[in-house]
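Asker: Attaching a predicted model along with its sequence, questions to come.
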Amino acid sequence: MLDIRLIRENPEKINELLKRRAPHWTIDEVLKVDEQRRECQIKADELKSNRKNISQQIGMMKKNGEDTTAIQEQVRLQGEEIKALDEKQAELDELQRNLLLNIPNTPDETTPLGFDDSQNIEIKRWGEPAHPDFEQKAHWDIVTEKDIVDFERGVKLSQSRFSLYRGKGAQLERAIVNFFLDVHTNQHGYEEIMPPVLVNSNSMRGTGQLPKFAEDMYKCENEDLYLIPTAEVPVTNIYSGEILSENELPKYMTAYTPCFRREAGSAGKDTRGLIRQHQFNKVELVKLCTPETSVEEHEKLTRNAETVLEMLGLPYRRVALCAGDIGFSAKKCYDLEVWMPSYNAYKEISSCSNFGDYQARRANIRYRSNETGKVNYVHTLNGSGLAVGRTFAAILENFQQADGSVIIPEVLHKYLGWGVL
RNA sequence: GGAAACGUGGCCGAGCUGGCUGAAGGCGGCACCCUGCUAAGGUGUUAUACGGGGUAACCUGUAUCCAGGGUUCGAAUCCCUGCGUUUCCGCCA
């Protein structure tokens, strides 16, 4: 969430930045509540201070055997006033917190202006999409022909947008996971994490999924547990509520997990194939770092994700998302989009975001500065490295041959023991 | 899932027949001093949040002894609920 003091001191600036996302965002209400809240606290603190002093006096008097009934009665009446003020303050505290939790992060100054994806800016392209003289098949046809992904039985087992990999399909999916993890741990210096895939609401609030996006997630009945929509949630929250030493930063962590999304509101979108499933695999990259280094770390993280695409030989482009298109908690975001012949377009395969201190404030992740000894919020970052199912689909489509076979990228062979599908 | 015990600051550990305890003592950390080096020793310091005042260094109020409620003039200390840990039993990949 945003810093209330920053809001108090620069209301116009914050409002202006928020309105870059969408015109309706505003901090006006939270400012009003903040003022009432502080007023309330001043009064309550004063009364409590008074009560504390008198209570100590009563202790003394009792020790001396003096009669204290009159003075006790007097303080008791004050106590009721304090209680009322405390309740009001708690109410205002919560109201303010809820308001803040529902306000998105302010876009970074370098985030392009614009309210929808048409205003996103392409930063770079890598690789050449192949345009062979045979007709390229879509991955959903390839996998069905080769019987390596079973969509129909997935639906039978669960519901639409669930599928099952089998045989060489399951092997390929697993090989991609291993490849990603090996590159990020061995070459990019990330620590591998295997986190819980069910987390509580506090964790979901920490990274920004709650309270605003509850309907996007699967929740356990009668339990305060949600299936994670991304490993970002458990991994970022590992250090929630903690104060790290600056020496421990930056933290580089990577995790493979299945991810679960209800995809409410995407009816009719990407209904075929592996692009938009309720359950999918992803290898995530997460960083915690100091504020001074987060811009640089964001570029490096994005490069880490690009590197695996390049090692696989998949053509992609990098897009800087505009203010209206970046995620709720992000201040800056690059999408990596891989070339997908079936769409005849680039399709998102990774989203690399810098959250500044927005998530750190929610999750209360701080560090102590070596220089000043002061405590401050870390910056958090994450990006897909990469979405596994989409990588699987991209490999099949981009590397299919005229004879119907698919030549698997060299780097995966050692995980598979075979190279042609 | 059943039973019992427990949950104090970075850590260990007092306090728990309610008041002067943000919290003894120790360890660790930091700063300074001392001994030629090492080892040892001395002195001081050592939390966070939200407020108020000040350009600032800083001063100051309130809250915080797992969390949330309650009793009381006053709670780390008493009561209730929840969460967690440990041990025993049951179950289990």
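Answerer: That came in fine, so what should we check first? Note that the structure is predicted; figures quoted are calculated from it, not measured. Numbers count the residues shown, from 1 in each chain, chains lettered A, B, ... in the order given.
Asker: Based on its surroundings, how many neighbours for residue A:328?
Answerer: 16 (other C-beta atoms under 10 Å). Placement of C-beta: from N, CA and C, glycine included.
Asker: Next, give phi and psi for the nearest residue to it once chain neighbours are set aside.
Answerer: Among residues not flanking residue A:328 along the chain, residue A:104 sits closest, at 4.6 Å (C-beta to C-beta, 6 or more residues apart in numbering). Backbone torsions for residue A:104, taken as degrees, to the nearest 10, come to phi -70, psi 170.
Asker: okay but residue A:104 is in contact with residue A:19, surely?
Answerer: No. Using C-beta atoms under 8 Å, residue A:104 is not in contact with residue A:19; the gap is 11.3 Å.
Asker: neighbour-wise, which of the two wins?
Answerer: Shown here are residue A:104 and residue A:19; by other C-beta under 10 Å, residue A:104 has more neighbours (21 against 14).
Asker: which residues touch that one?
Answerer: By C-beta atoms under 8 Å, 6 or more residues apart in numbering, the contact set of residue A:104 is A:18, A:21, A:25, A:328-329.
Asker: Can you give me the separation between residue A:376 and residue A:251?
Answerer: 15 Å (C-beta to C-beta, to the nearest Å).
Asker: Neighbour count: those two, which is higher?
Answerer: residue A:251 (20 against 16).
Asker: Share the number of residues neighbouring the residue nearest to that one when sequence neighbours are not counted, please.
Answerer: Distances taken as C-beta to C-beta, 6+ apart put residue A:288 closest to residue A:251, at 4.3 Å, once the chain neighbours are dropped. A count of nearby residues for residue A:288, using other C-beta under 10 Å, gives 26.
Asker: Residue A:288: what secondary structure?
Answerer: Under DSSP: H, G, I helix; E, B strand; the rest coil, the three-state class of residue A:288 is strand.
Asker: who's it bridged to?
Answerer: residue A:251, residue A:380 (DSSP bridges).
Asker: I figured it hits residue A:250, correct?
Answerer: Yes. Using C-beta under 8 Å, residue A:288 is in contact with residue A:250, at 6.4 Å.
Asker: now the strands for the stretch 151-300 of chain A?
Answerer: Using DSSP state E, counting those that start in this stretch, the strands of the stretch 151-300 of chain A run over A:164-165, A:191-193, A:198-199, A:226-227, A:243-245, A:251-260, A:279-289.
Asker: how far out from the middle of the chain is the last one?
Answerer: For strand A:279-289, the gap between its own C-alpha mean and the chain's C-alpha mean amounts to 9 Å (C-alpha atoms, centre = their mean, to the nearest Å).
Asker: same thing with the third one?
Answerer: Centroid separation between strand A:198-199 and its chain, computed with C-alpha atoms, centre = their mean, is 14 Å.
Asker: residue contacts, the residue of the stretch 101-250 of chain A found nearest RNA strand B?
Answerer: Nearest to RNA strand B, among the residues of the stretch 101-250 of chain A, is residue A:243, at 6.5 Å (C-beta to the nearest atom of the strand). Under the criterion of C-beta under 8 Å, 6+ apart, the neighbours of residue A:243 are A:366-368, A:375.
Asker: same thing with residue A:50?
Answerer: residue A:78.
Asker: so how many other residues sit close to the residue in the stretch 251-400 of chain A that RNA strand B sits nearest to?
Answerer: Residue nearest to RNA strand B within the stretch 251-400 of chain A: residue A:375 (4.2 Å; C-beta to the nearest atom of the strand). Residue A:375 has 11 neighbours, counted by other C-beta under 10 Å.
Asker: Run through the residues that contact it.
Answerer: Contact analysis of residue A:375 by C-beta under 8 Å, 6+ apart lists A:243, A:366-369.
Asker: Give me the local confidence score for residue A:220.
Answerer: As predicted, residue A:220 sits at a pLDDT of 86.
Asker: and it, how far is that from residue A:260?
Answerer: Distance, residue A:220 to residue A:260, using C-beta to C-beta: 11 Å.
Asker: Overlap in contacts, the two.
Answerer: residue A:227.
Asker: who's more crowded, the two?
Answerer: residue A:260 (20 against 11).
Asker: need the contact list for the more buried one.
Answerer: So residue A:260 contacts A:197, A:217-218, A:227-229, A:278-279 (C-beta under 8 Å, 6+ apart).
Asker: What is the neighbour count of the closest residue to it other than its chain neighbours?
Answerer: Spatial nearest neighbour of residue A:260, excluding adjacent residues (C-beta to C-beta, 6+ apart): residue A:227 at 3.8 Å. Residue A:227 has 20 neighbours, counted by other C-beta under 10 Å.
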